[in-house]
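Engineer: Compute the structure for the input listed below.
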Amino acid sequence: MTLPLNVRRLGRVPYESTWKAMSAFTDNRTDDTVDELWLLEHDPVFTLGQAGKEEHVLAAGDIPVVRVDRGGQVTYHGPGQIVAYPMIDLRRVGVGVRELVNRIEQAIIDTMGEWNIGAERLEGAPGVYVAGAKVAALGLRIRRGCSFHGLAFNVDMDLEPYHRINPCGYKGLEVTQVLDLGGPSRLADVEDVLVQEFCKQFGFHAVSAEPSLPELPTRIAV
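Structural biologist: Have a look, this model is predicted:
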């Protein structure tokens, strides 16, 4: 038996309103809430994790910097990058935090394999790499046993903003993308495979959900 996973393809959406929505979803979910995976692109933004150091933002210029409640240092989001937010009840799927990270990384690695791109992990540096260059970054938060925030997977984007930061806190870290590695440029093509591999890792079956943020119940004060 596989578990249902509501998959929402949200298109290009602002960062901060999406962050608030996934935080509210996590706060309001119950034991019966179906897990969700949101797939989207963000307008250009740098995000700095809870322990993120301002010194890793070298020259933000016209791109806003938002401090957020995920793990990790600074990263960049922009058009042409798949951002995926898995909102999963870890107890339901039977994984801990380390295994959650490993399986998300493996889903990305196996997605790259669809186009014969050899990707790998690097010990102590969460994310996915090809020949030492980072193609996908991870930054998660667990609250009440459930995950939110997620991954950023470079497909066909302007990589220049990465030169304005030390990506994930690593000075001089090379960054790459699927298109430059011989893969497709269409985000939808990569998303389709990513959803399939993600479901395989966690024992889900994908259910297409409305391409909009879910409506949350209004809590009644007692």
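Engineer: Identify the residue nearest the geometric centre of this structure.
Structural biologist: Nearest to the geometric centre of the chain sits Leu151, at 1.8 Å (Cα atoms, centre = their mean).
Engineer: Which strand residues bridge that one?
Structural biologist: Taking DSSP bridges as the rule, Leu151 bridges to Ala84, Leu138.
Engineer: Torsion angles phi and psi at Gly52?
Structural biologist: Dihedral angles of Gly52 (phi, psi; degrees, to the nearest 10) stand at phi -60, psi 140.
Engineer: Does it touch Gly72 like I think?
Structural biologist: Yes: with contact taken as Cβ atoms under 8 Å, Gly52 and Gly72 are classed as touching, separated by 7.1 Å. Yep, even glycine has a C-beta here, placed from its N, CA and C like the rest.
Engineer: what is in contact with the two at once?
Structural biologist: Here Gly52 and Gly72 share the contacting residues Gly169, scored by Cβ atoms under 8 Å, 6 or more residues apart in numbering.
Engineer: in the protein, what spans have low per-residue confidence?
Structural biologist: The model of the chain has pLDDT under 70 over residues 216-222.
Engineer: which residues of it fall in strands?
Structural biologist: Listed in chain order, the strands found in the chain under DSSP state E are 3-13, 35-42, 45-48, 65-67, 74-77, 81-87, 120-122, 125-130, 133-143, 146-154, 204-208.
Engineer: now for the fifth one, which elements pack on it?
Structural biologist: Which is strand 74-77. The contact analysis (3 or more Cβ pairs under 8 Å, 6 or more residues apart in numbering; DSSP states H and E) places strand 74-77 against strand 45-48, strand 146-154.
Engineer: what angle do the longest one and strand 125-130 make?
Structural biologist: Following axes from the mean of the first three to the mean of the last three Cα atoms, to 10 degrees, one obtains 30 degrees for the angle between strand 146-154 and strand 125-130.
Engineer: Quick check: buried residues in strand 146-154?
Structural biologist: 146-154 (16 or more other Cβ atoms under 10 Å).
Engineer: what's Arg103 in contact with, if anything?
Structural biologist: 95, 201-202.
Engineer: Make CSV from these and add distance to Ala131 and neighbour count to it.
Structural biologist: Shown next, in CSV, are the contacts of Arg103 (distance: Cβ to Cβ, whole Å; neighbours: other Cβ atoms under 10 Å):
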residue, distance to Ala131, neighbour count
Val95, 29, 17
Gln201, 24, 19
Phe202, 28, 23
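Engineer: what's the nearest residue to Pro161 if we skip its chain neighbours?
Structural biologist: Nearest residue to Pro161 in three dimensions, chain neighbours excluded: Tyr76, at 4.8 Å (Cβ to Cβ, 6 or more residues apart in numbering).
Engineer: Okay, that neighbour and Asp62: tell me how far apart.
Structural biologist: 13 Å (Cβ to Cβ, to the nearest Å).
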